[in-house]
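Enquirer: No letters, just coordinates:
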């Protein structure tokens, strides 16, 4: 039996990679209006997901189409699909505007200008994260007609989108994942918001898969009723699943959020894989119409692990022993919220021992 009482050094390269928050088309959740309507070419037709039904204004001066996104987003890009049957040049010169002014088209900044779009084609226009509650498409000039067969508004960066979520209980059809579908749920909250049952200490959690530096968390409260239910909710961020993640450090405590409002909480780059919403107390409901998480990452880590080995019948020079040991280490790291890691086995280089050579003897003479 070989006995190892020395310390083992493992060098682990935590080179995890993942995509940023997926782009999501939030246009379909919004409400469209336009300056005038020709026949049955209603403004909402431009949001139905196909180019067979279109919106259409009358011929007029400065026609416009407006999309109320229901909340402010950082708009990454806008897509416009031109009509398929005829009149493709009517879209030429259209302006795409993103901003927060609802009743004055020209007070909102221009994101892009449409030069031309071929018949039935869809073109992308970058807005570089311009923030706005409204998206306008307008054509300046007299005797103009605006036809839109499909409009998409894409936002990105929400780390919670598409991730695994769970909550302490579920009330009816208020499912947990509905808090990260980018639909604020103002029209049908029961199919667009999450909610627990009335219980003691309800909670909701999103697993970001990897560790991020969290800058802000945005919470959207319900519009229909009961806005006070969010009062006192705590936002926790960390890497532990102890007590379902509710023991992680607190980013913020929510005093209140008005009905239908999105409030932003600054977390100062707290590091964590799990983001929890937790309300302490008895007979509490936790209802969330939207949770957005923004930050940087995933974090790339390079670390050294120091372990003291117990007695073993296998030699560390044997491959089986090293594979078994690395597997155990990966399992231990996964329990700490660190997964998809790459571990490499290295050994400290042997140090050459240099003996100090004795200085050559020197003869001395002494006088007698």
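Expert: All right, it came through fine. Owing to the predicted nature of the structure, the values given are computational and were not obtained by experimental measurement.

Enquirer: For the rest of this, base every contact and every neighbour count on C-alpha atoms.
Expert: OK.

Enquirer: Then residue 323 would be within a helix, right?
Expert: Yes. Looking at residue 323 with DSSP: H, G, I helix; E, B strand; the rest coil, it is inside a helix.

Enquirer: pLDDT wise, what is it at?
Expert: Listed pLDDT for residue 323 reads 77.

Enquirer: Now do the residue nearest in space to the middle of the chain against residue 292, distance only.
Expert: The residue lying closest to the centre of the chain (CA atoms, centre = their mean) is residue 159, at 1.5 Å. Between residue 159 and residue 292 the distance is 7 Å, computed by CA to CA, to the nearest Å.

Enquirer: before we move on, the earlier item: touching, the residue nearest to the centre of the chain and residue 210? I think so.
Expert: No. Assessed by CA atoms under 8 Å, residue 159 is found out of contact with residue 210, at 10.2 Å.

Enquirer: still on that earlier bit, pull up the overlap in contacts between residue 159 and residue 292.
Expert: Residues touching both residue 159 and residue 292 (CA atoms under 8 Å, 6 or more residues apart in numbering): there are none.

Enquirer: how far away is the residue nearest to the centre of the chain from residue 119?
Expert: With CA to CA as the criterion, residue 159 and residue 119 are 36 Å apart.

Enquirer: wait, is residue 80 part of a strand?
Expert: Yes. Assessed with three-state DSSP, residue 80 lies in a strand.

Enquirer: check which helix or strand covers the nearest residue to it once chain neighbours are set aside.
Expert: With sequence-adjacent residues excluded and distances taken as CA to CA, 6 or more residues apart in numbering, residue 80 is closest to residue 151, at 4.8 Å. Using DSSP states H and E, the element containing residue 151 is strand 150-155.

Enquirer: So what touches that strand?
Expert: Contacts of strand 150-155 (CA under 8 Å, 6+ apart): 23-28, 45-51, 54, 73-82, 129.

Enquirer: do stretch 167-185 as well
Expert: 24, 26, 29, 70, 160-162, 164-166, 189-197, 202-205, 220, 222, 288-292.

Enquirer: Where does the prediction get shaky in the stretch 1-150 of the chain?
Expert: 1-22 (pLDDT under 70).

Enquirer: Direction included, what does the strand holding residue 151 pair up with?
Expert: The pairing partners recorded for strand 150-155 under DSSP bridges are strand 24-25 (antiparallel), strand 64-81 (antiparallel).

Enquirer: and among the ones you listed, the most buried is which?
Expert: strand 64-81 (a mean of 21; mean count of other CA atoms under 10 Å).

Enquirer: what about the residue nearest to residue 80, distance to residue 191?
Expert: The gap separating residue 151 from residue 191 is 24 Å, by CA to CA.

Enquirer: Show me which of the two is the more surrounded one.
Expert: Between residue 151 and residue 191, residue 151 has the larger neighbour count (other CA atoms under 10 Å), namely 28 against 15.

Enquirer: What does the pLDDT read for the more buried one?
Expert: Residue 151 is given a pLDDT of 96.

Enquirer: same question, residue 343
Expert: 67.

Enquirer: And for the one 3 residues further on?
Expert: Reading off the confidence values, residue 346 has pLDDT 63.

Enquirer: How about residue 281?
Expert: 96.

Enquirer: same deal with residue 162?
Expert: Listed pLDDT for residue 162 reads 84.

Enquirer: give me phi/psi at it?
Expert: Here is the backbone geometry of residue 162 (degrees, to the nearest 10): phi 80, psi 0.

Enquirer: re earlier: looking at the strands paired with strand 150-155, which is closest to residue 92?
Expert: Comparing the strands paired with strand 150-155 by their distance to residue 92 (CA to CA), the top pick is strand 64-81, with 11.8 Å.

Enquirer: Strand partners (parallel or antiparallel) of the following helix or strand past that closest one?
Expert: Later in the chain than strand 64-81, the nearest helix or strand by DSSP H and E is strand 95-99. The pairing partners recorded for strand 95-99 under DSSP bridges are strand 110-113 (antiparallel), strand 122-138 (antiparallel).
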